[in-house]
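Enquirer: Here is my input, please return the structure:
(one chain, ligands or ions: 1)
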Amino acid sequence: MINWPEGYGRRVLAKVDSTNAEAARIAPELAGPEWILGLRQTQGRGRRGRAWVDPTGNFAGTLVMRPAEAPDQVALRSFVASLALYDAFVAVSGRSEGLALKWPNDVLLNGGKVAGILLESAGMAGGTVSHIAIGIGVNLAHAPGTEAVETQATPPVSLLSETGASVTPEEFLDVLAAAYARWETQFVTYGFEPIRTAWLTRAARIGEVITARTTRDETTGTFETVDTQGNLVLKTAKGRVAIPAADIFF
Ligand SMILES: O=C(O)CCCC[C@@H]1SC[C@@H]2NC(=O)N[C@@H]21
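Expert: Residues are numbered from 1 along each chain as shown. Reported below is the predicted structural model:
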């Protein structure tokens, strides 16, 4: 273990249903932030109720924390985690070429999805959440087949296939945890603005026409920015639209 960040716990499980489910189980007893790594995950879950396919050799991990914060503040952690992932990929592959962040919380490598984040929070008490689970899945060694993803979704790729970098989940955790701790310190010290600025410099398709799709509707427009609440801002024929949650299609 190299440079493990002070104050963060680390547990490695040989087999788990979902590291996010494990996070919810251990949250009540938590003394401080804790990383959970699942070497084998049998019921990985993705965003919007989708399953997350997790072949052995890929990274499945969750950071569980109990910040005394309101839900809207907590939700901004997906940008913190995206930046940490970006830095971790640069550290393990030695390059930033081809890396980009896709709103709200995917990492792209050479145009394919190499990592996704599922942020879950629970248990409001006195206006703050009782815990958050930042679940991170990284295709280190294997990309799931395109049959595992929706039509028109960004095709999955793996770090190994795109860069030749062979990294174990444990090695990736060490690098990711250190990177996350650095961005988390920025966030709690200076707020969302430096995170937002850094995220935008790494954003995919900024200034281009994209489509944001929810279960109810679809909006197409020019990707202008991400606002101070983390919303996607599209310039459309009807004016500017701020979108809090959606899937993006290029
Ligand atoms: O849909 C997405 O892009 C988000 C995928 C998140 C998957 C990770 S794997 C570790 C953690 N545990 C889960 O059950 N899901 C997340």
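
Enquirer: now the longest helix belonging to the chain: mean pLDDT?
Expert: The longest helix of the chain (DSSP state H) is helix 169-190. On average, the pLDDT along helix 169-190 is 98.

Enquirer: Tell me the buried residues in the helix or strand following that helix?
Expert: Later in the chain than helix 169-190, the nearest helix or strand by DSSP states H and E is helix 193-201. Residues of helix 193-201 classed as buried by neighbour count (16 or more other C-beta atoms under 10 Å): 195-196, 198-199. For every residue, glycine as well, the C-beta is placed using N, CA and C.

Enquirer: the helices in this protein, which residues?
Expert: Using DSSP H, helices in the chain cover 19-26, 71-75, 77-93, 159-163, 169-190, 193-201.

Enquirer: Give me whichever of those helices is most buried.
Expert: helix 77-93 (a mean of 23; mean count of other C-beta atoms under 10 Å).

Enquirer: Could you name the helices and strands sitting against that one?
Expert: The contact analysis (3 or more C-beta pairs under 8 Å, 6 or more residues apart in numbering; DSSP states H and E) places helix 77-93 against strand 99-102, strand 106-109, strand 112-122, strand 131-138, helix 159-163, helix 169-190, helix 193-201.

Enquirer: Quick one: residues contacting the residue in the chain that the ligand sits nearest to.
Expert: Nearest residue of the chain to the ligand, counting by C-beta to the nearest ligand atom: Gly116, 2.1 Å away. Counting by C-beta atoms under 8 Å, 6 or more residues apart in numbering, Gly116 makes contact with 46-47, 52, 105-107, 136-137.

Enquirer: one more time with 6 Å
Expert: Neighbour list for Gly116: 106, 137 [criterion: C-beta atoms under 6 Å, 6 or more residues apart in numbering].

Enquirer: quick revisit: keeping just the C-alphas, turn the longest helix of the chain into CSV.
Expert: Written as CSV, here are the backbone C-alpha positions of helix 169-190 (Å, rounded to 0.1, in the frame of the first residue of the first chain):
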residue,chain,number,x,y,z
PRO,A,169,-7.9,-3.6,-8.3
GLU,A,170,-5.8,-3.2,-5.1
GLU,A,171,-3.2,-1.1,-6.8
PHE,A,172,-5.9,1.0,-8.4
LEU,A,173,-7.6,1.5,-5.0
ASP,A,174,-4.4,2.9,-3.4
VAL,A,175,-4.0,5.4,-6.2
LEU,A,176,-7.7,6.4,-6.3
ALA,A,177,-8.0,6.8,-2.5
ALA,A,178,-5.0,9.2,-2.4
ALA,A,179,-6.4,11.2,-5.4
TYR,A,180,-9.9,11.3,-3.8
ALA,A,181,-8.5,12.5,-0.5
ARG,A,182,-6.8,15.4,-2.3
TRP,A,183,-9.9,16.5,-4.1
GLU,A,184,-12.1,16.0,-1.0
THR,A,185,-9.8,18.4,0.9
GLN,A,186,-10.3,21.0,-1.9
PHE,A,187,-14.1,20.5,-1.8
VAL,A,188,-14.5,20.8,2.0
THR,A,189,-12.0,23.8,2.2
TYR,A,190,-13.0,25.9,-0.8
